[in-house]
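>>> kindly generate the corresponding structure for this input.
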Amino acid sequence: MKVIYTDSLVIGGGLAGLRIAIAAKQRGYDSIILSLMPAKRSHSAAAQGGMQASLGAGIKGEGDDEEIHFEDTVKGSDWGCDQDVARMFVNTAPKAIRQLTAWGVPWSRVQKGDRDVIINGKKVTITEKNEAHGLITSRDFGGTKKWRTCYTSDGTGHTMLYAM
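Numbers count the residues shown, from 1 in each chain. From the prediction side, this is the model:
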């Protein structure tokens, strides 16, 4: 029997497992990822919606911040979430989006000018500011007060997985 030694064993080759292995390597630890299937066939590859972070770049996210994101998260959990974890998540999410950008995730970007969107089942025209052009955009997802779901078309999980 062959024995393999490692500093950490990560079970699962999806986004969470890959992110843990990257963090371990950044701290100088060797990791082995154990998965039943290749990473590109994990459930993460099928994730389409996006990742929430209070960047506030687009007109519908204007004024968003970590406190509003926290309130939405707690309310969305019907006050059942671990609020310390929710606070950590909302404080970390904007940094994680920017880190994923540096790693090559091609987030959809704000396009200045008018665009048609659907809000509450009705077609509405919104106007994005010129100074926001090129910033990471967001869309409505999950009934939050502000638009904060960063995405890459409809293949967010796929593009995040391949970047990582």
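
>>> tell me the pLDDT at F141?
The model reports F141 with a pLDDT of 86.

>>> separation between it and L9?
In this view, F141 and L9 are 34 Å apart by C-beta to C-beta, to the nearest Å. Any C-beta I mention is one placed from the backbone N, CA and C, and that applies to glycine too.

>>> more neighbours: which of those two?
F141 (15 against 11; other C-beta atoms under 10 Å).

>>> name the nearest residue to that one, sequence neighbours excluded.
Leaving aside its sequence neighbours, F141 sits nearest to T149 (C-beta to C-beta, 6 or more residues apart in numbering; 3.7 Å).

>>> for the spatially most central residue of the chain, phi and psi?
Residue closest to the average C-alpha location in the chain (C-alpha atoms, centre = their mean): M51, at 2.5 Å. Torsion angles at M51 (phi, psi; degrees, to the nearest 10) stand at phi -130, psi 130.

>>> what's opposite it in the beta bridge?
Taking DSSP bridges as the rule, M51 bridges to C150.

>>> mind checking pLDDT for it?
For M51, the model assigns a pLDDT of 93.

>>> I figured the residue nearest to F141 hits A47, correct?
No. Contact criterion C-beta atoms under 8 Å: T149 and A47 do not qualify, at 11.6 Å.
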